[in-house]
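K.L.:
Here is a sequence together with a model predicted from it:
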Amino acid sequence: DVKVTQSSRYLVKRTGEKVFLECVQDMDHENMFWYRQDPGLGLRLIYFSYDVKMKEKGDIPEGYSVSREKKERFSLILESASTNQTSMYLCASSGTVISEKLFFGSGTQLSVL
Amino acid sequence: AQRVTQPEKLLSVFKGAPVELKCNYSYSGSPELFWYVQYSRQRLQLLLRHISRESIKGFTADLNKGETSFHLKKPFAQEEDSAMYYCALSVGTNAGKSTFGDGTTLTVKP
């Protein structure tokens, strides 16, 4: 069974801390994505990557950065966590075929106090 | 820029009743459209995509380019259909970068 694995299911951090969210996929997918999921706002794309060491901003990149040193791993970094970054974070991956679907991780619920 | 609108945040129907979850999009090119579903305590997963013209778990969705809609339909709702449903639009030659609607929570009552 294909898998996208997010390292933490729940995370509690303090304002100003640096936070790392890790995501690993085992499907040899080129594309990886970070979304945040908020009630009433749907899923919003933060950053995505089409290849190793390559990254592009999504719709809401402010306050975030990413790292993709290996094909299977895509990390989301909150340089200085703030309370408005409290959210559910979803990692996803996909291949490069037209109309390829997204495979999602189970999510990380981040609370910033 | 593309946009996906799901006008209903909440939808409640009785078991056995027909259900339709609405999705409208704005995009000037040829879109790739999807419905994703998230059941309670499960990860978000693909339900169906328009290119496949398939029926999954009794659900179908037809792309109407004239009305720019991709509504999800099922003739007889079941309690296990209760979930959050997202409509999504993907563009470009590199698939996967998708724009999502705000989601509709479907509750099927016994």
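P.N.:
Here it is on my side, so go on.
K.L.:
which residues of chain B score low on pLDDT?
P.N.:
Within chain B, the ranges that satisfy pLDDT under 70 run B:92-96.
K.L.:
what residues does it put near chain A?
P.N.:
Taking CB under 8 Å from any CB of the partner chain as the contact definition, chain B meets chain A at B:6, B:9, B:32, B:34, B:36, B:43-46, B:49, B:51, B:86, B:88, B:90, B:93-103. Glycine gets a C-beta too; all of them are placed from N, C-alpha and C.
K.L.:
Mind doing that once more with 10 Å?
P.N.:
Within chain B, the positions near chain A by CB under 10 Å from any CB of the partner chain are B:1, B:4, B:6, B:9, B:31-34, B:36, B:38, B:41-52, B:84, B:86-88, B:90, B:92-103, B:105.
K.L.:
who's in contact with the closest residue to A:Ser106 other than its chain neighbours?
P.N.:
Closest residue to A:Ser106 apart from its sequence neighbours, by CB to CB, 6 or more residues apart in numbering or on different chains: B:Arg43 at 4.6 Å. If you count contacts by CB atoms under 10 Å, 6 or more residues apart in numbering or on different chains, B:Arg43 has them with A:Val4, A:Gln6, A:Leu90, A:Ala92, A:Phe103, A:Phe104, A:Gly105, A:Ser106, A:Gly107.
K.L.:
Do a quick rundown of the strands in the chain.
P.N.:
You didn't say which chain, so I picked chain A. Taking DSSP state E, the strands of chain A run over residues A:4-6, A:10-13, A:19-21, A:23-25, A:31-38, A:42-49, A:56-57, A:64-70, A:73-78, A:87-94, A:103-104, A:108-112.
K.L.:
try again with chain B
P.N.:
B:3-5, B:10-14, B:19-21, B:24-26, B:32-38, B:45-49, B:60-61, B:72-74, B:83-90, B:98-100, B:104-109.
K.L.:
Mind putting the ones you listed into JSON lines with distance to A:Leu78 and mean neighbour count?
P.N.:
Listed next are the strands of chain B as JSON lines, based on distance: least, CB to CB, whole Å; neighbours: other CB atoms under 10 Å in any protein chain shown:
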{"stretch": "strand B:3-5", "distance to A:Leu78": "27", "mean neighbour count": "16"}
{"stretch": "strand B:10-14", "distance to A:Leu78": "31", "mean neighbour count": "14"}
{"stretch": "strand B:19-21", "distance to A:Leu78": "33", "mean neighbour count": "20"}
{"stretch": "strand B:24-26", "distance to A:Leu78": "31", "mean neighbour count": "17"}
{"stretch": "strand B:32-38", "distance to A:Leu78": "24", "mean neighbour count": "23"}
{"stretch": "strand B:45-49", "distance to A:Leu78": "26", "mean neighbour count": "19"}
{"stretch": "strand B:60-61", "distance to A:Leu78": "36", "mean neighbour count": "20"}
{"stretch": "strand B:72-74", "distance to A:Leu78": "34", "mean neighbour count": "20"}
{"stretch": "strand B:83-90", "distance to A:Leu78": "24", "mean neighbour count": "23"}
{"stretch": "strand B:98-100", "distance to A:Leu78": "21", "mean neighbour count": "24"}
{"stretch": "strand B:104-109", "distance to A:Leu78": "28", "mean neighbour count": "17"}
